[in-house]
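K.L.:
Return atomic coordinates for the entry below.
(one chain, ligands or ions: 2)
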Amino acid sequence: MLPNQSEFDMRSIETKEGEIYAPCVSPNRSMPPVSNRTQLTHRPRRLRRTTPLRQMVRENVLTTNDLIYPLFAVPGKGFAQEVKSMPGVYQLSVDKIVEEAKQVYDLGIPSIILFGIPEDKDVDATGAWHDCGIVQKAATAVKEAVPELVVIADTCLCEYTSHGHCGYLEVGDLTGRVLNDPTLELLKKTAVSQVKAGADIIAPSGMMDGFVQAIREGLDEAGFEDTPILSYAAKYASAYYGPFRDAADSTPQFGDRRTYQMDPANVREAIKEIELDIAEGADMLMVKPALAYMDVICRVKEATNLPVAAYNVSGEYAMVKAAALNGWIDEERVVMETLLGFKRAGADLILTYHAKDAARWLKA
Ligand code: PBG
Ligand code: ZN
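P.N.:
Ligands and ions are numbered 1, 2, ... in the order given. Below you'll find the model as predicted:
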């Protein structure tokens, strides 16, 4: 029981500045009165008293198995260039991607997701679906060097189109209203060629209607009926993708992505999107971004029995890195608390640029 108000007032002390505050324990007493200690039935602090007790009742854990590490493949050899807005993240040529993949695997991280920056961009996104495309080359090389590492291919067109949108535009369109169904054909081709090159999982990220069904059909026709689809099911039109677009060189040249990516105000729409993707044959579902959309992760988890992934996106990473490099936050503790938060919200898998650091911290 708290002391009643008048007792509190009596014990108030006026400081030099004239501020009033009530001390927790009056200056003449080393212990509060017995009556104040025995009247509580519930004392949740009992289970927080020691480390073993806290461990016994811990509800969620983060493990290295939950992590997926994103990598950016670029043409060339021996090339590694740090992304300005993402300290610790690099654009890497295929040989460097392979080195990185080995490191990732040795850290116990089971999977990477590949993005590609092609030599040339055009309106047909040729670099996305060409058998000699950059992601195809990277996938083949990684699977050869580290066969057990699960390679996910991001399947979208924005890194490969000259205008930077995630699909076909009407000739002369300067608004960025992507044509849905013609885009599906390109995505199908892209997915098949990525799997042919060695990708284990296809992750379509363009938010086109029917993209899961189209890709499923394409994969099945090509004999890849065992390749799972991780759908970017609820992907929002977010300012948090800014640094990624530096890394992947995929900023739209005009317009924005709001005619295909979701309105940040909506959550029922996310449920609609995941229901459609499940019906179309998705094997896993993603929510993206993660931090500002924890409620969406939670709602999606409640609505499905499929594994749920959360994408801890580039802007979320950049903010933590900037604060950490300034010495304003404890990077390890903030990152681990954030990743655990995604688990608590319901994420089974976490795509994160912190994956390698997190794996090291989990080992320590
Ligand atoms: C492309 C794609 C984007 C991200 C993943 N795939 C960017 C976008 O939609 O513009 C963002 C990832 C990140 O910010 O870390 N469809
Ligand atoms: Zn895209």
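K.L.:
My read is that residue 281 contacts residue 213, right?
P.N.:
Yes: applying C-beta atoms under 8 Å, one finds residue 281 in contact with residue 213, separated by 6.5 Å. C-beta: built from backbone N, CA, C; applies to glycine.
K.L.:
Run through the strands of the stretch 201-350 of the chain in chain order.
P.N.:
Counting by DSSP state E, counting those that start in this stretch, the stretch 201-350 of the chain has strands at residues 201-204, 230-235, 284-288, 308-312, 349-352.
K.L.:
Next, the angle strand 284-288 makes with the longest one.
P.N.:
Inter-element angle recorded for strand 230-235 and strand 284-288: 40 degrees (by axes from the mean of the first three to the mean of the last three C-alpha atoms, to 10 degrees).
K.L.:
With just CA atoms, put strand 230-235 into CSV.
P.N.:
C-alpha atoms of strand 230-235 as CSV (Å, rounded to 0.1, in the frame of the first residue of the first chain):
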residue,chain,number,x,y,z
LEU,A,230,8.4,-16.1,-49.2
SER,A,231,6.0,-13.3,-50.1
TYR,A,232,6.5,-9.7,-49.2
ALA,A,233,2.8,-9.8,-48.4
ALA,A,234,2.4,-6.7,-46.4
LYS,A,235,4.9,-4.2,-47.7
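K.L.:
Walk me through which strands that strand pairs with, and which way each runs.
P.N.:
Using DSSP bridges, the strands paired with strand 230-235 are strand 284-288 (parallel).
K.L.:
what's in contact with the strand it pairs with?
P.N.:
Contact partners of strand 284-288, identified using C-beta atoms under 8 Å, 6 or more residues apart in numbering, comprise 201, 203, 205, 228-236, 238, 270, 274, 277-278, 293, 296-297, 300, 304, 306-311, 313, 347, 349, 351.
K.L.:
What about ligand 1: which of those residues touch it?
P.N.:
Checking these against ligand 1 by C-beta under 6 Å from any ligand atom, the ones in range are 205, 313.
K.L.:
Drop anything exposed from the contacts of strand 284-288.
P.N.:
Among the contacts of strand 284-288, those buried by neighbour count (16 or more other C-beta atoms under 10 Å) are 201, 203, 205, 228-236, 238, 270, 274, 277-278, 293, 296-297, 300, 304, 306, 308-311, 313, 347, 349, 351.
K.L.:
what would the strands of the stretch 201-350 of the chain look like in TSV with distance to ligand 2?
P.N.:
Putting the strands of the stretch 201-350 of the chain into TSV (distance: least, C-beta to the ion, whole Å) gives the following:
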stretch	distance to ligand 2
strand 201-204	9
strand 230-235	9
strand 284-288	11
strand 308-312	13
strand 349-352	15
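K.L.:
Kindly reformat these as CSV and extend each row with mean pLDDT and distance to residue 330.
P.N.:
Converted to CSV, the strands of the stretch 201-350 of the chain look like this (pLDDT from 0 to 100; distance: least, C-beta to C-beta, whole Å):
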stretch, mean pLDDT, distance to residue 330
strand 201-204, 98, 32
strand 230-235, 98, 31
strand 284-288, 98, 26
strand 308-312, 98, 18
strand 349-352, 98, 18
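K.L.:
do the longest helix that the chain contains and ligand 1 meet at all?
P.N.:
Secondary structure assigned by DSSP state H gives helix 180-197 as the longest helix of the chain. No: using C-beta under 6 Å from any ligand atom, helix 180-197 stays clear of ligand 1, coming no nearer than 11.1 Å.
K.L.:
Using CSV, list the CA coordinates for that helix.
P.N.:
The C-alpha trace of helix 180-197 is given here as CSV (Å, rounded to 0.1, in the frame of the first residue of the first chain):
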residue,chain,number,x,y,z
ASN,A,180,0.1,-5.1,-63.1
ASP,A,181,-0.5,-8.1,-65.4
PRO,A,182,2.4,-7.5,-67.9
THR,A,183,4.7,-7.2,-64.9
LEU,A,184,3.6,-10.7,-63.7
GLU,A,185,5.1,-12.3,-66.8
LEU,A,186,8.4,-10.7,-66.1
LEU,A,187,8.4,-11.7,-62.5
LYS,A,188,7.6,-15.3,-63.5
LYS,A,189,10.6,-15.3,-65.8
THR,A,190,12.8,-13.8,-63.2
ALA,A,191,11.8,-16.3,-60.5
VAL,A,192,12.4,-19.3,-62.8
SER,A,193,15.8,-18.1,-63.9
GLN,A,194,16.8,-17.4,-60.3
VAL,A,195,15.9,-20.9,-59.2
LYS,A,196,17.6,-22.4,-62.2
ALA,A,197,20.7,-20.5,-61.1
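K.L.:
who are the neighbours of that helix, in terms of helices and strands?
P.N.:
helix 126-129, helix 134-145, strand 150-155, strand 201-204, helix 211-221 (3 or more C-beta pairs under 8 Å, 6 or more residues apart in numbering; DSSP states H and E).
K.L.:
can these go into TSV with extra columns for distance to residue 337?
P.N.:
TSV is the format used below for these (distance: least, C-beta to C-beta, whole Å):
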stretch	distance to residue 337
helix 126-129	37
helix 134-145	31
strand 150-155	26
strand 201-204	26
helix 211-221	33
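K.L.:
nearest to residue 175, of those?
P.N.:
helix 211-221 (21.0 Å; C-beta to C-beta).
K.L.:
Buried ones in the closest one, by neighbour count?
P.N.:
Neighbour counts over helix 211-221 (16+ other C-beta under 10 Å) mark 211-216, 218-219 as buried.
K.L.:
try stretch 81-90
P.N.:
83, 85-86, 89-90.
K.L.:
Mind telling me the two of those farthest from one another?
P.N.:
Maximum pairwise distance among the buried residues of stretch 81-90 (C-beta to C-beta): 12.6 Å, between 85 and 90.
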